[in-house]
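Student: The sequence isn't on hand, but the structure is:
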């Protein structure tokens with residue numbers, strides 16, 4: 001679902017006053033996004049992930065959160081669970097985890113560090129479709145975190161014809177994005193599905209009206225932009241059988257370069 005997030009804009013900020021000029025600017029930002037896709041892997045950080053599931057009446061029926069710390073042990077990056085549902089692990093759980101981490105590190109002895117996973121081909125394909133799928137309009141300049149941001153509103157492109165079923169979602173997406181005026185990097189994006197999207201006439205799946213996505217990014221160190229927060233709330237159905245009503249909230253903090 002991270003794909004909806006990339007309804008973005010960038011590069012040549014303020015120079016594009018027409019939709020077509022803005023479309024060219026979008027492609028520049030996509031290039032920046034793809035270039036920096038693995039930036040997150042170059043940092044150590046703390047990440048809190050909370051998941052809430054809802055019933056058909058919109059009431060929360062399940063909720064849980066996990067907080068992890070990405071750290072280096074004997075030259076290898078590992079992930080340590082530090083809290084569950086806001087509570088620190090018990091001494092017994094910490095001891096057991098320490099043993100598991102030591103075993104994991106021992107098994108990696110002598111092996112080169114693993115490279116960061118690349119964006120899946122399907123995701124990259126959808127990202128590259130954005131300039132053709134959406135129209136963008138300059139909405140003004142705002143200050144965010146002490147930096148000037150160019151604000152754009154986006155909505156479906158009337159003449160757009162999806163080449164694949166998975167691109168149908170762009171026909172019902174609109175929102176706003178804030179782009180750093182100096183670098184052209186995405187700072188914030190808010191997107192919403194404003195009407196139901198049926199895939200394969202609703203047989204293959206459906207994304208319900210009201211599905212929302214929000215992502216915030218910041219410059220962790222000069223020249224390196226990372227995701228600071230990401231939130232998605234969706235109501236979807238797959239193959240007319242499985243209904244998914246869920247909200248996922250992810251927040252990152254305590255960024256430190258690995259090297």
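Tutor: Structure received. Given the structure is predicted, the values throughout are model-derived calculations rather than measurements.

Student: tell me the helices in the stretch 101-250 of the chain, going along the chain?
Tutor: 121-133 (DSSP state H, counting those that start in this stretch).

Student: where does it dip in pLDDT?
Tutor: 111-123, 200-205, 237-243 (pLDDT under 70).

Student: How about the contacts made by residue 167?
Tutor: 126, 129, 133 (C-beta atoms under 8 Å, 6 or more residues apart in numbering). To be clear about C-beta, it is placed using only N, CA and C from the backbone, and glycine gets the same treatment.

Student: From those residues, pick the one nearest residue 80.
Tutor: Within the contacts of residue 167, the smallest distance to residue 80 is 32.7 Å, found for residue 126 (C-beta to C-beta).

Student: was I right about residue 196 contacting residue 208?
Tutor: Yes - between residue 196 and residue 208 a contact is recorded at 5.7 Å, counting by C-beta atoms under 8 Å.

Student: What does the nearest residue to residue 148 once chain neighbours are set aside show for phi and psi?
Tutor: Counting by C-beta to C-beta, 6 or more residues apart in numbering, residue 181 is the residue found nearest to residue 148 once chain neighbours are left out, at 4.2 Å. Main-chain dihedrals, residue 181, degrees, to the nearest 10: phi -70, psi -30.

Student: try residue 183
Tutor: phi -110, psi -20.

Student: Residue 25 now?
Tutor: Dihedral angles (degrees, to the nearest 10) for residue 25: phi -60, psi -40.

Student: and what of the one 3 residues further on?
Tutor: Backbone geometry at residue 28, expressed as degrees, to the nearest 10, gives phi -70, psi -40.

Student: State the distance from it to residue 66.
Tutor: Distance of residue 28 to residue 66, given as C-beta to C-beta, to the nearest Å: 36 Å.
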